[in-house]
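**Student:** Return a 3D structure for these sequence lines:
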Amino acid sequence: MSSSNKKQAVLQLEKVTKSYSLAGGEYPVLKGINLTIHQGGFLAVIGPSGSGKSTLMHIMGLLDVPTRGKVVINGAQANRLSDDQLAKLRNKEIGFVFQQFFLLNYLSAVDNVALPLIYAGVPLAERRRRAVELLKKVGLGHRLNHHPNQLSGGQQQRVAIARALVNKPAIILADEPTGNLDSASGQQVLDLFIKLHTQGHTIVLVTHDLNVAKVAHKHIHLKDGKIIKVSYQRGK
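**Tutor:** Modelled structure (predicted):
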């Protein structure tokens, strides 16, 4: 989006590196990542297997910490927070959508969506109101009380997207969100992301699939732990 540079920076990574200790020494996975995501942005992080995509997503999502560098989300520097503070920030500011849906089979769709609100201390009536509203928003108003095993894969992923939205996060991180879906269901999920973006949501897709990435406006190309190119979709 041409106006992105005028909007608030939701997430910033500055000189982020990540290494893992192995028997033979340090194994670098990310090597000096600088990335700013602005409010209302729609990005895709693209790269082959082993490029560091998953590690980058975990760091952006505050699921992991960098070896060096700085992560700032909505003005809060994650590196300076305790584990409890990080968990609260993650629950409040980040909505996750994974290739595996991670729904609880013993809960209905509406209860799965409301789950993050329990940790946020939201009262029961408000939890249900928000969950019902979001399930309607993703086209599942008629499946409120169905359990995951009563839903198709595409429907389960839409429940997961509603759950990601329920805390009104600053950013949605989606890791290979169509990886477990057939082509038709996958396209429905991508269409939903497009719709959510037009409604003002900030979205990052992490994928190796260029057909998935093409719905995003900005592409971050990752290889061997480095950003090698930034490109933009024409007309977006």
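
**Student:** so what's the residue most central in space within the chain up against?
**Tutor:** Nearest to the centroid of the C-alpha atoms of the chain, with distances taken as Cα atoms, centre = their mean, sits residue 173, at 0.9 Å. For residue 173, the contact set (Cβ atoms under 8 Å, 6 or more residues apart in numbering) comprises 57, 60, 61, 94, 95, 96, 97, 204, 206. C-betas here are computed from N, CA, C, even on glycine.

**Student:** which residues in the protein form helices?
**Tutor:** 53-60, 83-93, 109-119, 124-137, 153-165, 183-198, 210-213 (DSSP state H).

**Student:** Distance check, the residue nearest to the centre of the chain against residue 80.
**Tutor:** With the distance defined as Cβ to Cβ, to the nearest Å, residue 173 ends up 21 Å from residue 80.

**Student:** what do you get for residue 124?
**Tutor:** Separation of residue 124 from residue 80 (Cβ to Cβ) stands at 34 Å.

**Student:** can I get the helices of the chain in a markdown table with distance to residue 22 and mean pLDDT?
**Tutor:** Shown next, in a markdown table, are those (distance: least, Cβ to Cβ, whole Å; pLDDT from 0 to 100):
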| stretch | distance to residue 22 | mean pLDDT |
| --- | --- | --- |
| helix 53-60 | 14 | 94 |
| helix 83-93 | 25 | 90 |
| helix 109-119 | 34 | 94 |
| helix 124-137 | 42 | 96 |
| helix 153-165 | 33 | 97 |
| helix 183-198 | 36 | 95 |
| helix 210-213 | 31 | 92 |
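
**Student:** Mind checking those for the one nearest to residue 220?
**Tutor:** Closest approach to residue 220 among the helices of the chain is made by helix 53-60 (8.7 Å; Cβ to Cβ).

**Student:** burial count for the closest residue in space to residue 169 that isn't next to it in sequence?
**Tutor:** With Cβ to Cβ, 6 or more residues apart in numbering as the criterion, residue 169 has its nearest non-adjacent residue at 4.0 Å, and that residue is residue 95. If you count neighbours by other Cβ atoms under 10 Å, residue 95 ends up with 26.

**Student:** where does residue 95 land on pLDDT?
**Tutor:** For residue 95, the pLDDT comes out at 95.

**Student:** what pairs with it across the strands?
**Tutor:** Beta-bridge pairing of residue 95 under DSSP bridges involves residue 172.

**Student:** What distance do you get for it to residue 147?
**Tutor:** In this structure, residue 95 and residue 147 are separated by 22 Å, where distance is defined by Cβ to Cβ.
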